[in-house]
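Q: just the structure for this:
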Amino acid sequence: MIAREERVPRSLRRFALPIGIALLAFVILVPLTSTDAAQQAGLPLLADKLWFRIATTVAMFVVMASAWNIIGGLTGYASFGNVAFFGIGAYTVGVLVSSRGWPFPLALIVAPVTATVFALIVGIPLLRLRGHYFAVATLGIGVAVGEVVNNLAPLGASTGLFLPIVRSDLLFFYLMLGAAALAVCSTWLILRTRFGYGLLAIRENEEAAKIIGVNTNLYKVAAFCIAAALTGLAGGIFAQWNSFINQENVFAISDNVQMILMAVVGGAGTVLGPVAGAISLELIIQTLAGGGSKAVYSQIGLGVLLAVCVIFIPRGVIDFFGGQSRLSLRYLRQTLRETSA
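A: Presented below is the predicted three-dimensional model:
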């Protein structure tokens with residue numbers, strides 16, 4: 001039987017619900033202080049435009065990291081092409097809204113469907129590959145889709161697509177927050193079903209999973225499609241929020257790497273790991289953001305942080321709070337002794 005991946009210290013469990021409710025109330029209510037009614041009532045402004053943009057970006061990466069976690073963390077298939085689903089969702093909304101005149105809510109419903117259909121088509125052959133073969137193949141798909149979009153005139157080609165501007169930071173914050181909640185809840189539900197146990201079995205030993213009756217091909221494709229749907233949803237919201245999309249901002253491989261790092265640093269295979277990773281890494285990125293030498297220092301800082309996490313807390317930030325990182329420290333000391341002998 002496969003042990004559950006979530007490790008939460010007993011001392012924290014009793015406080016989990018009240019802390020969660022308090023944080024949720026804070027995230028939902030604080031943005032409301034920016035509304036005209038709140039300002040006319042004399043309430044202090046607790047969330048400005050910069051706060052909205054950072055918070056919405058964090059929520060977006062929570063969706064993307066949690067979605068990747070389903071196929072990469074739970075199933076053990078490290079996909080480097082999930083950004084293709086993000087771009088497909090974004091371009092679905094972009095084309096339907098700007099070229100077809102569809103209302104944004106209706107176009108947003110179609111975005112995850114389009115991404116899921118694409119994932120189903122490419123997932124059936126791709127998921128027959130394993131390890132680095134699968135990783136390289138998905139990377140190729142992500143790059144190829146971006147290049148195709150960049151050369152199709154109906155999709156704006158290299159110019160990109162412009163969408164009608166919707167001036168409501170509050171709206172897109174709540175939309176992305178809702179998508180993040182959906183992604184986290186999806187992971188939580190998956191881990192408590194037969195399907196979730198099947199994915200964990202595939203990750204640990206795919207051949208053994210087949211022997212015990214797991215339909216590995218079906219389970220892998222289903223996980224791939226769920227990840228695609230969630231990522232496509234985030235892409236659709238981003239398209240209308242940003243009001244402009246092109247190959248560079250919705251098919252960026254750097255975004256794919258970032259979502260993987262967030263899941264790994266936070267704790268791949270856990271429910272809250274991608275959330276912790278997205279919040280911590282995105283805040284660090286925003287803090288170190290800048291041009292010139294500052295951008296170089298930002299990259300160096302991220303590299304050092306990732307190296308520290310991999311060495312000291314290889315199972316992620318969530319596992320660190322469970323006290324498991326001591327094993328890594330002991331292993332590090334032993335390794336240093338052996339190499340110095």
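
Q: gap between the longest helix along the chain and the chain center?
A: Counting by DSSP state H, the longest helix found in the chain is helix 216-242. On the basis of Cα atoms, centre = their mean, to the nearest Å, helix 216-242 sits 10 Å off its chain's mean C-alpha point.

Q: give me the helices and strands touching it, please.
A: helix 49-68, helix 83-98, helix 104-126, helix 169-190, helix 194-204, helix 206-211, helix 247-250 (3 or more Cβ pairs under 8 Å, 6 or more residues apart in numbering; DSSP states H and E). Every residue, glycine included, has its C-beta placed from N, CA and C.

Q: what angle sits between it and helix 169-190?
A: Counting by axes from the mean of the first three to the mean of the last three Cα atoms, to 10 degrees, helix 216-242 lies at 170 degrees to helix 169-190.

Q: one step back: now the helices and strands packed on helix 216-242 as JSON lines including mean pLDDT, mean neighbour count and distance to residue 146?
A: Formatted as JSON lines, the helices and strands packed on helix 216-242 follow (pLDDT from 0 to 100; neighbours: other Cβ atoms under 10 Å; distance: least, Cβ to Cβ, whole Å):
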{"stretch": "helix 49-68", "mean pLDDT": "91", "mean neighbour count": "23", "distance to residue 146": "16"}
{"stretch": "helix 83-98", "mean pLDDT": "97", "mean neighbour count": "28", "distance to residue 146": "6"}
{"stretch": "helix 104-126", "mean pLDDT": "97", "mean neighbour count": "19", "distance to residue 146": "13"}
{"stretch": "helix 169-190", "mean pLDDT": "94", "mean neighbour count": "19", "distance to residue 146": "22"}
{"stretch": "helix 194-204", "mean pLDDT": "94", "mean neighbour count": "20", "distance to residue 146": "28"}
{"stretch": "helix 206-211", "mean pLDDT": "93", "mean neighbour count": "14", "distance to residue 146": "30"}
{"stretch": "helix 247-250", "mean pLDDT": "93", "mean neighbour count": "18", "distance to residue 146": "5"}
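
Q: send the alpha carbons of stretch 197-213 over as CSV?
A: Output of stretch 197-213 as CSV, limited to C-alpha atoms (Å, rounded to 0.1, in the frame of the first residue of the first chain):
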residue,chain,number,x,y,z
TYR,A,197,-3.8,5.9,-5.6
GLY,A,198,-3.4,4.6,-9.1
LEU,A,199,-1.4,7.6,-10.1
LEU,A,200,0.9,7.2,-7.1
ALA,A,201,1.3,3.5,-8.0
ILE,A,202,2.4,4.5,-11.5
ARG,A,203,4.9,6.9,-10.1
GLU,A,204,6.4,4.4,-7.8
ASN,A,205,6.5,1.4,-10.2
GLU,A,206,4.5,1.4,-13.4
GLU,A,207,5.0,-2.3,-14.1
ALA,A,208,3.9,-3.2,-10.6
ALA,A,209,0.9,-0.9,-11.0
LYS,A,210,-0.2,-2.9,-14.1
ILE,A,211,0.1,-6.1,-12.2
ILE,A,212,-2.2,-5.0,-9.5
GLY,A,213,-4.8,-4.0,-12.0
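
Q: contacts made by it with the rest, please.
A: Residues from elsewhere that reach stretch 197-213 (Cβ atoms under 8 Å, 6 or more residues apart in numbering): 2, 5, 70, 74-76, 130, 190, 214-216, 219-220, 223, 269.

Q: now do the same end-to-end measure for stretch 73-86.
A: This stretch, stretch 73-86, spans 19 Å end to end (Cα to Cα, to the nearest Å).

Q: coming back round to it: specify the angle between the longest helix of the chain and helix 194-204 in degrees.
A: 100 degrees.

Q: residue contacts, residue 62?
A: 180, 183-184, 274-275, 278-279.

Q: swap in residue 138?
A: Residue 138 touches 79-82, 126, counting by Cβ under 8 Å, 6+ apart.

Q: does residue 84 touch residue 147 like I think?
A: No: Residue 84 is beyond contact range of residue 147, at 11.0 Å (criterion: Cβ atoms under 8 Å).

Q: list the contacts of the closest residue in space to residue 259 that isn't next to it in sequence.
A: Nearest residue to residue 259, sequence neighbours excluded (Cβ to Cβ, 6 or more residues apart in numbering): residue 64, at 4.1 Å. Residue 64 is in contact with 82, 86, 230-231, 234, 255, 259, 262, 278, counting by Cβ under 8 Å, 6+ apart.
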